[in-house]
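In: Could you work out the structure for the sequence below:
(chains A and B)
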Amino acid sequence: MMRFKQCKTLLTTVCLVALSCGASAQNKTVAIGYQAPLSGENAQYGTVFRNSATLAVDEFNKSGRLPGVTIQLKFEDSKSDAKEGVNIARKFSDDASIVGVIGDFNSTVSMAAGQVYAQTKVPQLSQTASHPDYVKISEYQFRNINTQAYEGPLIAKWAFDSGAKKVAVIAIQNDWGQSAAGNFVQGFKALGGTVTDTEFFNPGTRDFRSILTKMARSQPDAIFVGAFYEDGSAFLQQKVQMGLKQPVFATSSLYEKKLLELAGPAANGVYLTSTFVVESTEPHVAAFVKNYEARYNGKPQQFAAQAYDATNIMLNAIVAAGGANATRAKVRDALAATKDFPGVTGTTSFDPATREPIKLLSKLQVQDGKFVSVK
Amino acid sequence: MRRLISISILLLAVLLVLPGILSAVGGGYWFRVTTTIGVFSILTMSANLITGTTGLMSLGHAGFYGIGAYTTALLATKLHWPFFLTLPVAGVVTAVFGILLALPTMRLIGIYFAVATLGLGEIIHVTLLNWVDFTRGPMGISAIPGISLDGLFSASDITHYYAVAIIALLAALVLGRLTHSYYGNALRAVREDDQCAASMGLNVVGLKIQSFAFACFFAGVAGGLWAHTTGYISPGDFRFSESILILAMMVVGGLGSIPGAVLGAVILLGLPEVLRPIGDYRMIVVGAVMFFSILFLPRGLLGETSVLSVVRRQFGLAWDKTLNLGWRQ
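Out: The predicted structure follows:
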């Protein structure tokens, strides 16, 4: 035991010496760790995150906002597996050059990794984790996505104001779907509406006919869908096949070009919210879309924008924390102080007490196979 | 004498040399990886008793691992039980579930048993996922306390390493005694030809249930260790793919061999971590290693027969000198 302690002191001294040497050197490297599913079943999201984050960091390094400092991104593949996520969290925590971490993709892995970051005091900013308990792990957890506690009641009000008094709810059976359905139902009931059915489908389900039959029987005025585009498009197609005419309200998770490709005409008429609108004419959004498209041959979608903003929020925090002299604690404080950050997914602030993000949502509708902004 | 030396070398390696090397190469990360390997070693050794020694291909082991993890997590977060109570209770609860769930499948053999256990694993996973009031469903259980004892040690990488290492050694001891004995021979007889074994007077169904119960006990303890060392569990950690991972570890290491089970866990969890620098190609390399090891060493890297003789010689198992009972090499 004694030997280990001595080793530790020695290691710390070496690190300190290395750090002080580094600070005096001309070009210092500050690293951001990025853990995401680069392989496995969620690889399509991880790849998009890597693209966006690389774009953001390259732009930052070229901009010269931190003279003499190069920001380096260190990617690790978590395969959306909690085992790997925790290992990566340890790896990043051991890496003294890393002052902040972005990721992971889904809440399960982000939560498991978060337990480690809370212990090792590394600020963690997830671009997508929407688990209600995620930011409650410790004061080191942040996220750049509206939770359903904010989005659900907003969609409920939208549906209610459009004339729907009875809704049926369908959502995916995972942490996100649970809170999407729960918050929508709560919001809708608070307005005086009734919820006819609340159905959950297990991830990977492709046949929604039994749920649709059940829904049709209770004759709702509208249907709320809490799903991602793979399941969402199958649901929309089968809804049309079954002859259900009710309008569909959905969360921002359906704002994906793939939804339009997979569902085809069945997607027309769907109402949904989004924080990021690729067709936006705002100069900073248009510039991001143009740069992304030029580099990766494809328009960025919601998750790409989410990761781009998360990276830029982290970079801002590193600048605020002193650039070359940034430490993990300082970066955490700077993240917590993020206010009115002009991101491509809307102006973002972190609530200083709860660390929950506050973002404005735009309303969209699918018309003739396109997402169109509506009032 | 030889036995004493072998045991001390093993203990020295696991309890002193390995942690020494790990802290020398830089602490946290490798301790974490080794802890995960330790948990999966226990899982694979336990599954090995069912699949390797008794010859029943179980595809539902992740489900039992999940029951253990959830029992521990619920006891630790709701009733604030310490780890020395949660772990054994998780083992017993899992063993009871194992027996109850396995009873109807005991007359099945071969592929039928495999598919039945696949169903069991899925039932457990879907129950954990959908029984929201009790398991919190997909939200998972967070803030599970680590392994600590007031006044003696607190939760840290090293504590978790030692907890997992000591329990893995105990599991190896118990499972080793079970397989390297007359009892183990009876299990192997059931594997080779259950009708023949029954005609020799062995209670085939009884033996199968017992091996299932022992294996589920350790799967439950492994689940408990996973819950305590990670602090957060959700049903996603106990999917069918984990059962397949355990099966792959067993087959790569060597069906029916306990050191093989450990080696399988080391390779299939250690290799992806070692290969992180090569990025996107790492899982291809892991797949290739699995493919070629099965192709060239179909009995596993540490096959059953060779390991049996080595273990018997080195640890003096299956031979009692005082009673002059057992068999010699």
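In: Report the secondary structure element holding residue B:245.
Out: helix B:240-253 (DSSP states H and E).
In: now the helix or strand following that helix against helix B:240-253, angle please.
Out: For helix B:240-253, the following helix or strand on the C-terminal side (DSSP H and E) is helix B:258-274. Angle of helix B:258-274 versus helix B:240-253, following axes from the mean of the first three to the mean of the last three Cα atoms, to 10 degrees, is 120 degrees.
In: Just the CA atoms of helix B:258-274, as PDB, please.
Out: The C-alpha trace of helix B:258-274 is given here as PDB (Å, rounded to 0.1, in the frame of the first residue of the first chain):
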ATOM      1  CA  ILE B 258     -12.000 -22.800 -15.900                       C
ATOM      2  CA  PRO B 259      -8.700 -21.100 -16.800                       C
ATOM      3  CA  GLY B 260     -10.000 -21.000 -20.300                       C
ATOM      4  CA  ALA B 261     -13.100 -19.100 -19.200                       C
ATOM      5  CA  VAL B 262     -10.900 -16.500 -17.600                       C
ATOM      6  CA  LEU B 263      -8.600 -16.300 -20.600                       C
ATOM      7  CA  GLY B 264     -11.600 -15.800 -22.800                       C
ATOM      8  CA  ALA B 265     -12.800 -12.900 -20.700                       C
ATOM      9  CA  VAL B 266      -9.300 -11.400 -20.800                       C
ATOM     10  CA  ILE B 267      -9.100 -11.600 -24.600                       C
ATOM     11  CA  LEU B 268     -12.600 -10.500 -25.600                       C
ATOM     12  CA  LEU B 269     -12.700  -7.600 -23.100                       C
ATOM     13  CA  GLY B 270      -9.000  -6.700 -23.000                       C
ATOM     14  CA  LEU B 271      -8.300  -6.900 -26.700                       C
ATOM     15  CA  PRO B 272     -10.900  -4.200 -27.700                       C
ATOM     16  CA  GLU B 273      -9.300  -1.900 -25.100                       C
ATOM     17  CA  VAL B 274      -5.700  -2.600 -26.200                       C
END
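In: Share the number of residues neighbouring whichever residue of the stretch 151-300 of chain B sits closest to chain A, please.
Out: When scored by Cβ to the nearest Cβ, the stretch 151-300 of chain B has residue B:231 as its residue closest to chain A, at 3.6 Å. To be clear about C-beta, it is placed using only N, CA and C from the backbone, and glycine gets the same treatment. Residues near residue B:231, counting by other Cβ atoms under 10 Å in any protein chain shown, number 23.
In: That one: what's it in contact with?
Out: By Cβ atoms under 8 Å, 6 or more residues apart in numbering or on different chains, residue B:231 lies in contact with A:112, A:115, B:142-146.
In: Quick check: residues of the stretch 51-200 of chain A near chain B?
Out: Counting by Cβ under 8 Å from any Cβ of the partner chain, the positions of the stretch 51-200 of chain A adjacent to chain B are A:75-77, A:79, A:82-84, A:86-87, A:90-91, A:93-94, A:108, A:111-112, A:114-116, A:120, A:131-133, A:137, A:173-178, A:200.
In: Any of these buried? List them.
Out: A:75-77, A:79, A:82-84, A:86-87, A:90-91, A:93-94, A:108, A:111-112, A:114-116, A:120, A:131-133, A:137, A:173-178, A:200 (16 or more other Cβ atoms under 10 Å in any protein chain shown).
In: Just want the most central residue of the chain.
Out: No chain in the question, so chain A it is. Nearest to the mean C-alpha position of chain A, by Cα atoms, centre = their mean, lies residue A:128 at 1.9 Å.
In: oops, chain B please
Out: Centre-nearest of chain B using Cα atoms, centre = their mean is residue B:43, 1.7 Å out.
In: Let me see the confidence value for that residue.
Out: The model reports residue B:43 with a pLDDT of 96.
In: Distance from the chain centre to the host helix or strand of it, please.
Out: If you go by DSSP H and E, residue B:43 is part of helix B:28-48. Centre-to-centre, helix B:28-48 and its host chain are 8 Å apart (Cα atoms, centre = their mean, to the nearest Å).
In: quick check: angle from it to helix B:240-253?
Out: Using the same axes, to 10 degrees: helix B:28-48 against helix B:240-253 is 80 degrees.
In: If you count contacts, what does helix B:28-48 end up packed against?
Out: Packed against helix B:28-48 by the contact rule (3 or more Cβ pairs under 8 Å, 6 or more residues apart in numbering or on different chains; DSSP states H and E) you find helix A:82-94, helix B:18-24, helix B:61-78, helix B:157-179, helix B:204-230, helix B:240-253, helix B:258-274.
In: can you put those helices in JSON lines and add mean pLDDT and distance to residue A:232?
Out: Formatted as JSON lines, the helices and strands packed on helix B:28-48 follow (pLDDT from 0 to 100; distance: least, Cβ to Cβ, whole Å):
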{"stretch": "helix A:82-94", "mean pLDDT": "91", "distance to residue A:232": "25"}
{"stretch": "helix B:18-24", "mean pLDDT": "83", "distance to residue A:232": "46"}
{"stretch": "helix B:61-78", "mean pLDDT": "95", "distance to residue A:232": "29"}
{"stretch": "helix B:157-179", "mean pLDDT": "91", "distance to residue A:232": "41"}
{"stretch": "helix B:204-230", "mean pLDDT": "94", "distance to residue A:232": "31"}
{"stretch": "helix B:240-253", "mean pLDDT": "92", "distance to residue A:232": "24"}
{"stretch": "helix B:258-274", "mean pLDDT": "91", "distance to residue A:232": "32"}
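In: Distance check, the nearest residue to residue A:267 once chain neighbours are set aside against chain B.
Out: What sits nearest to residue A:267 in space, not counting adjacent residues and going by Cβ to Cβ, 6 or more residues apart in numbering or on different chains, is residue A:366, at 4.7 Å. Using Cβ to the nearest Cβ, to the nearest Å, residue A:366 is found at 28 Å from chain B.
In: Number of residues surrounding residue A:366?
Out: The number of residues near residue A:366, taken as other Cβ under 10 Å, comes to 24.
In: Next up, phi/psi of it, please.
Out: phi -80, psi 120 (degrees, to the nearest 10).
In: so what's it up against?
Out: Neighbours of residue A:366 in contact, by Cβ under 8 Å, 6+ apart: A:260, A:267-270, A:272, A:372.
In: What's opposite it in the beta bridge?
Out: residue A:371 (DSSP bridges).
In: any idea how far it is from residue A:229?
Out: Using Cβ to Cβ, to the nearest Å, one obtains 12 Å as the distance from residue A:366 to residue A:229.
In: sorry, back to before: let's see which of the buried ones among the residues of the stretch 51-200 of chain A next to chain B end up in helices.
Out: If you go by DSSP state H, those have A:82-84, A:86-87, A:90-91, A:93-94, A:108, A:111-112, A:114-116, A:120, A:175-178 in helices.
In: Quick check: the gap between residue B:270 and residue B:148.
Out: 27 Å.
In: er, residue A:46 actually
Out: 35 Å.
In: So which of those two has more stuff around it?
Out: Using other Cβ under 10 Å, the more surrounded residue of residue A:46 and residue B:148 is residue A:46, with 26 against 17.
In: pLDDT score for that one?
Out: Residue A:46 is given a pLDDT of 91.
In: Which of the helices or strands spans it?
Out: helix A:43-63.
In: just checking, residue A:194 touches residue A:168?
Out: No - between residue A:194 and residue A:168 there is no contact under Cβ atoms under 8 Å: 10.2 Å.
In: Return the residues in contact with the residue of the stretch 101-250 of chain A at minimum distance from chain B.
Out: When distances are taken as Cβ to the nearest Cβ, the stretch 101-250 of chain A reaches nearest to chain B at residue A:115, 3.6 Å away. Residues in contact with residue A:115 (Cβ under 8 Å, 6+ apart) are A:86, A:137, B:142, B:230-232.
In: Any chance of a markdown table for those residues, columns distance to residue B:308?
Out: A markdown table is the format used below for those (distance: Cβ to Cβ, whole Å):
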| residue | distance to residue B:308 |
| --- | --- |
| A:86 | 35 |
| A:137 | 47 |
| B:142 | 44 |
| B:230 | 35 |
| B:231 | 39 |
| B:232 | 40 |
